[in-house]
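Novice: model this:
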Amino acid sequence: MSEKKPRETDDVPVPATLRKSLKNRHIQLIALGGAIGTGLFYGSSESIALAGPSILLAYLIGGLVIFMIVRALAEMAVEDPKAGAFSYYATRYWSKRAGFISGWNYWFNYVLVSMVELAVVGSFVNYWFPNIPKWVSAVVFLVAIAALNLLGVSKFGEFEFWFAAIKIVAVIAMILGGLWVIIANVPTASGVRASIANWFNVGGGFLPNGLMSRNADGTWTGLLMALVVVMFSFGGTELIGITAGETAEPRTTIPKATNSIIWRILVFYICALGVIMAVVPWNTIDGESSPFVQIFDSVGVHAAAGILNFVCLTAVMSVYNSGLYANSRMLYSLAKQGNAPAYLGKLNSRGVPVGGVVTSAIIIAIAVVVVFVWPNFAFNYLMSIATISAVINWTMIMITEVKFRRVVAAGDGPAELKGLKGADALDRLSFKLPFATVMPYLVIAFLALIVVLMCFSSSYCIAVAAGVIWLAVLFAAYTLTQRRRA
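Specialist: Down below sits the predicted model:
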């Protein structure tokens with residue numbers, strides 16, 4: 001990616017025809033719901049098994065890193081709010097090749113994530129209607145969400161607002177219910193008294209598997225290994241940046257949504273899992289059911305499974321809804337950069353990039369068929385690319401932020417920053433990344449550590465190899481597209 005940025009004196013052209021209809025409440029809830037999904041409701045079992053109560057520390061560390069990544073993205077989004085976010089910024093402040101790789105990597109990542117969500121939606125529907133084939137559920141939700149996205153960004157924002165609200169209410173209800181169990185000393189099925197002390201005196205204490213240890217079967221566990229699982233549970237938080245181009249007041253809304261990430265992580269991850277492990281001994285959380293169900297089952301509230309099934313169904317719809325929105329805007333931005341076919345950059349009368357919505361929906365539909373026909377291939381190989389593409393995306397955001405600051409300091413910043421140079425220009429940034437001189441490098445080093453740790457896990461090491469191949473494919477694709485235009 002050493003290709004020099006084209007010497008342009010103006011921004012990469014992105015016509016201001018997208019509707020700026022997303023309000024503060026939409027952005028807040030979109031950002032809030034972005035980090036709450038089936039990974040929290042079900043996937044938290046895996047991370048708890050790896051690290052025990054110290055998983056709380058892992059979520060705090062990982063949350064701080066994600067916060068810095070989104071802060072870096074928000075620094076650029078506030079000054080230069082455009083559709084496509086990091087892909088546009090990579091093109092504008094780094095190089096056209098970087099924008100191509102960033103945009104297509106993110107697009108394909110969300111295709112794969114949406115693929116998995118639609119593939120499992122039938123399982124949630126079958127909880128109530130076991131005779132409905134899973135592929136029928138997938139088709140219905142795919143068409144319904146695609147139609148919703150074609151209605152306009154305000155409709156997307158409104159539905160995502162309510163999807164997120166359902167998830168948030170469910171987590172808060174669980175936290176309050178768990179606190180009641182602890183304070184009222186309600187008897188639990190495990191026979192262990194509910195108490196915060198269970199973090200330290202059950203199953204080996206707060207750090208039962210140490211920083212990193214090897215089991216008899218050769219698998220690695222511990223706090224460091226849990227960081228791998230934790231980081232990917234935060235995927236989707238960067239959606240804040242994608243919405244910048246359609247936000248009514250990005251200079252106030254984006255900073256508010258970004259700064260709320262810290263308390264979101266504290267409440268919806270650390271508080272939630274802390275309460276769960278105070279009520280249900282961590283070494284009895286086996287992953288066969290959600291920890292959220294176990295906490296209510298342990299005190300005799302057996303309707304929790306049905307309630308959580310509904311919450312997870314809305315979470316799946318939320319992920320696909322957000323994924324299709326993000327993908328259509330990313331294709332729109334790529335088209336405006338000259339990195340995708342021109343038809344993807346056209347808007348309908350509602351300001352919706354129809355080509356991006358329909359194209360993404362069709363590709364996702366094909367991917368879902370692949371899941372049903374070749375499930376092992378889809379989950380072992382395609383999801384490996386989705387796993388590593390998140391690291392690629394986050395790394396490129398941090399590198400782009402460094403490039404952005406260099407361009408701003410050189411006097412070629414966006415909007416009112418243009419013409420200002422050096423410290424004067426950087427001081428005018430409205431929403432600065434904290435410790436910007438060193439923070440991008442610290443985050444990149446942390447992400448490199450995550451990649452190394454992935455090599456110690458049999459379920460993640462394939463993702464590292466897939467990541468190398470995937471980057472090679474993206475580099476080759478860019479080279480081929482440029483040769484065809486030459």
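
Novice: quick one: what helix or strand has the closest residue to Val280 other than its chain neighbours in it?
Specialist: What sits nearest to Val280 in space, not counting adjacent residues and going by CB to CB, 6 or more residues apart in numbering, is Gln294, at 5.0 Å. Bear in mind the C-beta positions are built from the backbone N, C-alpha and C, glycine included. When elements are assigned from DSSP states H and E, Gln294 belongs to helix 291-297.

Novice: Could you pull up the mean pLDDT of the next helix or strand after that helix?
Specialist: Downstream of helix 291-297, the next assigned helix or strand under DSSP H and E is helix 304-337. In this model, helix 304-337 has a mean pLDDT of 85.

Novice: cool, and stretch 149-157?
Specialist: If you average the pLDDT values across stretch 149-157, you get 83.

Novice: rewinding a little: show me what the helix holding Gln294 packs onto, helices and strands only.
Specialist: helix 44-51, helix 153-183, helix 272-279, helix 304-337 (3 or more CB pairs under 8 Å, 6 or more residues apart in numbering; DSSP states H and E).

Novice: Sketch out the low-pLDDT regions of the stretch 351-486 of the chain for me.
Specialist: When residues are selected by pLDDT under 70, those of the stretch 351-486 of the chain lie in 486.

Novice: Pull out the buried positions in stretch 465-479.
Specialist: Ala466, Gly467, Trp470, Leu471, Leu474, Tyr478 (16 or more other CB atoms under 10 Å).

Novice: List of residues touching that stretch?
Specialist: With CB atoms under 8 Å, 6 or more residues apart in numbering as the contact definition, stretch 465-479 has outside contacts at 97, 100-101, 104-105, 339, 381, 384-385, 387-389, 391-392, 451.

Novice: Off-centre distance for stretch 68-78?
Specialist: Stretch 68-78 has its average C-alpha position 15 Å from the chain's average C-alpha position, going by CA atoms, centre = their mean, to the nearest Å.

Novice: CA atoms only: put it into CSV for me.
Specialist: Only the C-alpha atoms of stretch 68-78 are listed here, as CSV (Å, rounded to 0.1, in the frame of the first residue of the first chain):
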residue,chain,number,x,y,z
MET,A,68,-9.8,4.5,20.5
ILE,A,69,-10.5,3.0,17.1
VAL,A,70,-13.9,4.6,16.9
ARG,A,71,-12.5,7.9,18.3
ALA,A,72,-10.0,7.8,15.4
LEU,A,73,-12.8,7.3,12.9
ALA,A,74,-14.9,9.9,14.6
GLU,A,75,-12.1,12.5,14.4
MET,A,76,-12.3,12.2,10.6
ALA,A,77,-16.1,11.8,10.4
VAL,A,78,-16.7,15.0,12.3
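
Novice: List the buried residues of it.
Specialist: Neighbour-count burial for stretch 68-78 [16+ other CB under 10 Å]: Met68, Ile69, Val70, Arg71, Ala72, Leu73, Ala74, Glu75, Met76, Ala77, Val78.

Novice: export these to a markdown table and tack on pLDDT, distance to Pro53 and secondary structure?
Specialist: Listed next are these as a markdown table, based on pLDDT from 0 to 100; distance: CB to CB, whole Å; DSSP: H, G, I helix; E, B strand; the rest coil:
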| residue | pLDDT | distance to Pro53 | secondary structure |
| --- | --- | --- | --- |
| Met68 | 95 | 25 | helix |
| Ile69 | 94 | 26 | helix |
| Val70 | 91 | 27 | helix |
| Arg71 | 93 | 28 | helix |
| Ala72 | 95 | 31 | helix |
| Leu73 | 93 | 32 | helix |
| Ala74 | 91 | 32 | helix |
| Glu75 | 94 | 35 | helix |
| Met76 | 93 | 37 | helix |
| Ala77 | 90 | 36 | helix |
| Val78 | 90 | 38 | helix |
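
Novice: Out of those, which is nearest to Ala173?
Specialist: Of all those, Val70 has the smallest distance to Ala173: 26.8 Å, by CB to CB.

Novice: Correct me if wrong: the closest one contacts Gly236.
Specialist: No. Between Val70 and Gly236 there is no contact, the gap being 10.8 Å when judged by CB atoms under 8 Å.

Novice: Run through the helices of the stretch 301-450 of the chain in chain order.
Specialist: Counting by DSSP state H, counting those that start in this stretch, the stretch 301-450 of the chain has helices at residues 304-337, 354-373, 375-377, 383-409, 422-427, 439-454.

Novice: just to revisit the earlier point, mind exporting the helix holding Gln294 as CSV, just the C-alpha atoms?
Specialist: Below are the C-alpha coordinates for helix 291-297, written out as CSV (Å, rounded to 0.1, in the frame of the first residue of the first chain):
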residue,chain,number,x,y,z
PRO,A,291,-25.9,-17.4,30.4
PHE,A,292,-28.8,-14.9,30.2
VAL,A,293,-31.2,-17.8,30.4
GLN,A,294,-29.3,-19.6,33.1
ILE,A,295,-29.5,-16.6,35.4
PHE,A,296,-33.3,-16.7,35.3
ASP,A,297,-33.5,-20.5,35.3
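
Novice: how far away is Ala477 from Ser328?
Specialist: As judged by CB to CB, to the nearest Å, Ala477 and Ser328 stand 20 Å apart.

Novice: quick one: contacts for Ser328?
Specialist: The neighbours of Ser328, taking CB under 8 Å, 6+ apart as the test, are Asn149, Val352, Pro353, Gly356, Val357, Ser360.

Novice: so what's it closest to, chain neighbours aside?
Specialist: Using CB to CB, 6+ apart and skipping residues adjacent in sequence, the residue nearest Ser328 is Gly356, 3.4 Å away.

Novice: again with Val408
Specialist: That would be Ala425: by CB to CB, 6+ apart, it lies 4.9 Å from Val408.

Novice: got the contact list for that neighbour?
Specialist: Counting by CB under 8 Å, 6+ apart, the residues that Ala425 touches are Val408, Ala409, Gly411, Gly413, Leu417.

Novice: Which pair of these spans the longest distance?
Specialist: Farthest-apart pair in the contacts of Ala425 is Ala409 and Leu417; separation 9.8 Å (CB to CB).

Novice: Can you pick out the residue with more neighbours from these two?
Specialist: Higher neighbour count among Ala409 and Leu417: Leu417, with 21 against 17, using other CB atoms under 10 Å.

Novice: The more buried one is in contact with Val408, isn't it?
Specialist: Yes. Using CB under 8 Å as the test, Leu417 is close enough to Val408 to be in contact (5.6 Å).

Novice: Could you name every residue contacting both of the two?
Specialist: Residues within reach of Leu417 and of Val408 at once, by CB under 8 Å, 6+ apart, are Ala425, Leu429.

Novice: low-confidence ranges in the stretch 151-300 of the chain?
Specialist: Of all residues in the stretch 151-300 of the chain, those with pLDDT under 70 make up the ranges 190, 245, 286-289, 298-300.

Novice: Could you rerun that using 90?
Specialist: When residues are selected by pLDDT under 90, those of the stretch 151-300 of the chain lie in 151-195, 197-198, 201-205, 215-219, 229-270, 272, 276, 279-300.

Novice: since we're on Ala410, how many residues are nearby?
Specialist: Ala410 is flanked by 11 other residues according to other CB under 10 Å.

Novice: This completes my enquiry, with thanks.
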